[in-house]
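Q: build me a model:
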Amino acid sequence: MSFASRAGHVAIAYAALASGMADAQSGRRPVTRHLDFSLTGDVVYDDNVSRSSRALADLRGLKQADTRFTPGVRVDGLIPFGRQSLSIIASAGYDFYARNSRLNRERLSLDTVLGLRFGRCDGSINGSYARRQSQLDDLILIADPSLLNDPTRFRRGLVRNTEEIKTIGATASCGAAVGLRPTASIQHTWVDNSQALRRFSDYNSTSYSAGVAYARPRFGELTVFGRYDTTTFPNRGSLPGFGGQKDGYEVRGGGVRFEREIGSRLLGLAELSYSSVNPKRDGVRSFSGLTWRLNLTADVSSRLQLAAQASRAVEPSNRVDANYSISRIYGLNGTYTLSPRLTLEASALQRQRDFRGAGILPLPILIEPLLRDKSQTYSAGLRYRASQRLGVTLQGTHERRNANGNFYDYTSNRVLAGIAWRI
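A: Below you'll find the model as predicted:
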């Protein structure tokens with residue numbers, strides 16, 4: 001599955017946390033035409049910035065407890081024109097750390113969708129861009145051997161990596177609102193890293209999908225589809241033992257997807273598919289089996305909304321020593337309106353990953369490779385709309401990970417205070 005497909009699986013699990021915080025700061029976005037600009041500021045206290053054990057944090061030269069301040073700007077818009085529409089969500093900020101200044105970095109994101117309707121056909125063209133410091137729990141401990149005699153540069157190289165993600169895609173579907181509709185989509189993703197050794201983890205991924213959907217108002221929509229994904233790591237051909245060939249893998253599969261509104265308050269989606277992964281490099285385990293996802297959103301009452309999801313997927317790995325992972329995600333989010341100005345939000349997320357191809361690259365890995373992990377994240381917070389322009393957020397998060405090596409186990413507790421002023 002491509003990065004873009006992976007992002008779709010993870011999105012619902014983080015919906016209450018990410019979009020909820022944004023809505024908390026700037027007020028809930030209207031569904032009609034709008035173009036809003038906001039000035040934002042977040043202060044986060046984190047008792048484990050390194051996302052690791054204390055021993056690994058010391059080896060990296062990081063202080064575990066730190067406070068981060070991120071000023072920024074945000075744009076949120078929906079612009080219909082004729083039968084078409086353009087939506088955009090963009091943000092730009094900069095992270096300032098009080099104790100770990102080597103982690104100071106820009107934080108940029110852009111998501112845009114052009115909705116298209118022509119005759120009996122509709123579709124979309126989407127694009128996204130993100131640039132940020134890599135999550136430290138996803139960085140294995142490697143180092144450039146030429147820096148071993150320079151402790152300062154050596155430790156900086158263990159954590160300093162800027163990750164850049166670019167995605168572009170398109171979807172199309174033709175036919176009447178009732179009956180059969182052929183569908184197709186394509187998505188391409190580029191992931192690049194700034195640190196020299198981590199460039200071996202840069203990858204390009206393309207996903208193709210085609211199918212036929214059958215829809216009726218009382219029945220819902222049933223889609224039968226086939227999928228082909230290809231992922232390559234273009235910078236690994238120069239490594240010893242690769243013989244100049246590019247590393248990567250292919251995924252072939254297909255399945256069924258069913259989506260239905262149950263009454264006016266409940267929406268469900270279920271997808272079941274069979275996926276077969278064919279690695280291009282010797283020594284990497286293949287995979288054949290079921291992948292799936294379940295999404296459910298419910299307006300329990302006028303005050304309470306819930307969203308739940310579960311998924312199993314094949315994901316590219318932006319880790320130097322891994323090829324791909326088999327990931328399972330389970331998430332539950334809820335929002336409760338306490339008053340017209342005050343909303344309570346809570347979420348729970350569990351993620352389990354089995355990395356394939358980890359630990360066999362000829363790189364200077366300082367400790368045992370990360371082969372598998374399991375993490376839980378729990379979050380709760382309040383958002384307060386002080387006025388039409390001013391929004392305030394207060395949130396607490398607890399995170400825990402267990403992995404195959406004690407160096408990778410950690411717990412993290414974070415408190416966030418955020419403010420947004422709509423211009």
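Q: so where do the strands sit in the stretch 51-200 of the chain?
A: For the stretch 51-200 of the chain, applying DSSP state E, counting those that start in this stretch gives strands covering 66-81, 84-97, 105-118, 121-133, 162-174, 179-193.
Q: which phi and psi does the nearest residue to Thr337 once chain neighbours are set aside have?
A: Residue nearest to Thr337 in three dimensions, not counting chain neighbours: Arg303, with 4.4 Å by C-beta to C-beta, 6 or more residues apart in numbering. C-betas here are computed from N, CA, C, even on glycine. Main-chain dihedrals, Arg303, degrees, to the nearest 10: phi -100, psi -30.
Q: remind me which residues of the stretch 201-350 of the chain are low pLDDT?
A: For the stretch 201-350 of the chain, the stretches flagged by pLDDT under 70 are 239-245, 320.
Q: for the strands of the stretch 51-200 of the chain, which one sits closest to Gly396?
A: Evaluated with C-beta to C-beta, these place strand 66-81 nearest to Gly396, the distance being 14.7 Å.
Q: dump the C-alpha coordinates for that closest one into CSV.
A: Coordinates of each C-alpha in strand 66-81 appear next as CSV, following Å, rounded to 0.1, in the frame of the first residue of the first chain:
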residue,chain,number,x,y,z
ASP,A,66,11.9,19.8,27.2
THR,A,67,9.5,22.5,26.2
ARG,A,68,8.8,23.3,22.6
PHE,A,69,7.3,26.6,21.3
THR,A,70,5.8,26.7,17.7
PRO,A,71,4.5,30.0,16.3
GLY,A,72,2.9,29.7,12.9
VAL,A,73,0.2,30.6,10.4
ARG,A,74,-2.6,28.5,9.0
VAL,A,75,-4.9,28.8,6.0
ASP,A,76,-8.2,26.9,5.7
GLY,A,77,-10.3,27.3,2.6
LEU,A,78,-13.1,25.8,0.5
ILE,A,79,-13.8,27.6,-2.8
PRO,A,80,-16.6,26.3,-5.0
PHE,A,81,-16.7,27.5,-8.7
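Q: and that strand, what does it pack onto?
A: helix 3-26, strand 34-46, strand 84-97 (3 or more C-beta pairs under 8 Å, 6 or more residues apart in numbering; DSSP states H and E).
Q: pLDDT score for Tyr14?
A: Confidence at Tyr14, expressed as pLDDT, is 36.
Q: revised request: answer the last question for Phe3.
A: So, for Phe3, pLDDT stands at 33.
Q: with Ala65 instead?
A: So, for Ala65, pLDDT stands at 96.
Q: quick check: the spatially closest residue to Arg132 that is not a sequence neighbour vs Thr40, distance?
A: Nearest residue to Arg132, sequence neighbours excluded (C-beta to C-beta, 6+ apart): Arg107, at 5.0 Å. Using C-beta to C-beta, to the nearest Å, Arg107 is found at 11 Å from Thr40.
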